[in-house]
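S.K.: My questions are about this predicted structure, shown below with the sequence.
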Amino acid sequence: MQPFINIEHLEKKIDDFTLGPIDFLIEPGTITALVGDNGSGKSTLLKIIMDLVNADKGQIDRFGLLEKEGDWKKDLAYQPQTVVGYDAFTGEDLHQLISHWYPTWDEKLFLHIINELHVPLNKKFGKLSQGVQQKLTLALTLPRNAKVLMLDEPTSFMDIPSKKIVVDLLVDWMEKEERAIILASHQAEDIKKLADFIVLLRSGKMLGLFEKESLTEKYRKYWVTGLPGFETIPGEVFRAEHEVISNQPDLSEQYFAAHDITPMNSMTPDLEEMITLILANKMDM
């Protein structure tokens, strides 16, 4: 099946910041999380995909079309981190305005989201809290029924119960048709529950596209004492005091047995911990 989006050799320079080169695909039926520190280029990348910012190099193929070919924007729905121009309008004003422009608008879904997230439609957008603004913006984005949904930190200001509802809404949305989501997020729980793939960005550089499970399942974390400080254990990719993370657990455990070392405990490392170590450049890939 043809990918929805194909990004090749993409680069963008803004002042002294350079994004890229970026290369990855968005396949139907997948959720891809863009993960990186603040200022790593996640929001800029989404804007380039949406053709709101021009790239300096490379190309993006969207639904088999290049930037200036065809009407591909109807198949992309974008929720930015900060919305401009909504403040003076009520939720109902925005509902009437935006739904008018989308022939595939799902009114039933809109009302469901409004009800589930308890969003008031009679208040002006600018008078809403940041969390409620995010809820309303999601309700104005998801029902467009685009093939690809792009979300920039969609739950960053929401309370914990609302975040869970949003995750459930997105899962349900994905199950209805062949769709895809690109999610820029710092929210570890959102990434754990939603993402199939993770694009890691550090200071604008793409470290890779990873299957989510590959960042944890092939690794093992050990708590050990009596380790030789001068010797690297087979498979070792990270060490801190009495902790060791290995990407070859069998070899590490053979080493422990041969040197009469008994780990106090071991477990599969947490996804958030692995991402943090990789982005901080503290772990060998």
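M.R.: Arrived safely. Worth saying up front: this structure is predicted, and the values here are computed from it rather than measured.
S.K.: State the pLDDT value of the closest residue to residue 224 other than its chain neighbours.
M.R.: In space, residue 224 comes closest to residue 263 once its chain neighbours are excluded; the distance is 4.7 Å by Cβ to Cβ, 6 or more residues apart in numbering. For glycine as for every other residue, the C-beta is placed from the backbone atoms N, C-alpha and C. The model reports residue 263 with a pLDDT of 95.
S.K.: residue contacts, residue 263?
M.R.: Residue 263 makes contact with 222, 223, 224, 256, according to Cβ atoms under 8 Å, 6 or more residues apart in numbering.
S.K.: what about the helices in the stretch 101-250 of the chain?
M.R.: Along the stretch 101-250 of the chain, counting by DSSP state H, counting those that start in this stretch, helices occupy 107-116, 130-141, 160-176, 188-194, 249-258.
S.K.: Could you single out the most deeply buried of the ones you listed?
M.R.: Greatest average neighbour count among the helices of the stretch 101-250 of the chain goes to helix 130-141 (a mean of 22), per mean count of other Cβ atoms under 10 Å.
S.K.: which residues touch that helix?
M.R.: Residues outside helix 130-141 that contact it (Cβ under 8 Å, 6+ apart): 77-79, 83, 86, 91, 94-95, 98, 110, 113-114, 117, 119-120, 125, 128, 149, 151, 154-159, 162, 166, 169.
S.K.: how about a cut-off of 7 Å?
M.R.: 77, 79, 83, 91, 94-95, 98, 110, 113-114, 117, 119, 125, 128, 154-155, 157-159, 162, 166 (Cβ atoms under 7 Å, 6 or more residues apart in numbering).
S.K.: which stretches of this structure have low pLDDT?
M.R.: In the predicted model of the chain, residues 66-70, 285 satisfy pLDDT under 70.
S.K.: On the three-state scheme, the residue nearest to residue 224 is what?
M.R.: At residue 263 the chain is in coil, as set by DSSP: H, G, I helix; E, B strand; the rest coil.
S.K.: shouldn't residue 19 be in contact with residue 43?
M.R.: No - if you go by Cβ atoms under 7 Å, residue 19 and residue 43 don't touch, sitting 10.2 Å apart.
S.K.: which of the two has more neighbours?
M.R.: For residue 19 versus residue 43, neighbours defined as other Cβ atoms under 10 Å are more numerous around residue 19 (24 against 18).
S.K.: Sweet, I'm off.
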